[in-house]
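Enquirer: here's my sequence, what's the structure:
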Amino acid sequence: MTTASTTGPVADARTLGLAHYAARGVLEHVLARHGATFQQQIVLRAAITADAPQTPDDLVAQVRGYLKADPAGIRATLDELLGRQLLDTDGAHLRPTDAGRELLAAVGAETAPFSARIWGGIPAEDLAAAGRVLALVTERADAELAALTA
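Expert: Residues are numbered from 1 along each chain as shown. Next up is the predicted model:
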């Protein structure tokens, strides 16, 4: 009889969720120091990294795809970012302000040492395997959600 040997838990929905919330907890701790929320950071990052200026509808659709969040909640987040002058209107489009870019840069700089300790030392082949598995899980979960909401 042959038994498989493992050095850790088998990846499943629980281990994925635990890893996500552990890492997100670190990020949210840093965001709180800046008076920002996780969803605000996601929306702001989407606006900053976009190849072209986005309309509010564009950003809502993009963030909804990431977070599977309610569009009304994402629109409320847009309003919060506009109110804090982290985003600004430019005709029909939204654009990040210097303050928005500075906030995202500050959060990135503060989280970099944590990220280095969290991800450091993991072999590249393990990261590549995990990336492939997570991409497949995301694809399948998105397909299942699409079927549920069709």
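Enquirer: dump the residue contacts of the most centrally placed residue in the chain.
Expert: Closest to where the C-alpha atoms of the chain average out (Cα atoms, centre = their mean) is Ile42, at 5.4 Å. Contacts for Ile42 (Cβ atoms under 8 Å, 6 or more residues apart in numbering) come out as 63, 66-67. To be clear about C-beta, it is placed using only N, CA and C from the backbone, and glycine gets the same treatment.
Enquirer: again, only this time at 10 Å
Expert: By Cβ atoms under 10 Å, 6 or more residues apart in numbering, the contact set of Ile42 is 59, 62-63, 66-67, 69, 74, 77.
Enquirer: same thing with Gly65?
Expert: Here Gly65 is in contact with 46, 142 (Cβ under 10 Å, 6+ apart).
Enquirer: tell me the secondary structure for it?
Expert: Following DSSP: H, G, I helix; E, B strand; the rest coil, the label given to Gly65 is helix.
Enquirer: and it, what's its pLDDT?
Expert: Gly65 is assigned 93 on the pLDDT scale.
Enquirer: could you do the one 5 residues further on as well?
Expert: Reading off the confidence values, Asp70 has pLDDT 95.
Enquirer: the one 10 residues further on too?
Expert: Confidence per residue is given as pLDDT, and for Glu80 that number is 98.
Enquirer: give me the pLDDT value at the spatially closest residue to Leu86 that is not a sequence neighbour.
Expert: Nearest non-adjacent residue to Leu86, counting by Cβ to Cβ, 6 or more residues apart in numbering: Gly100, 3.6 Å away. If you check Gly100, the pLDDT there is 98.
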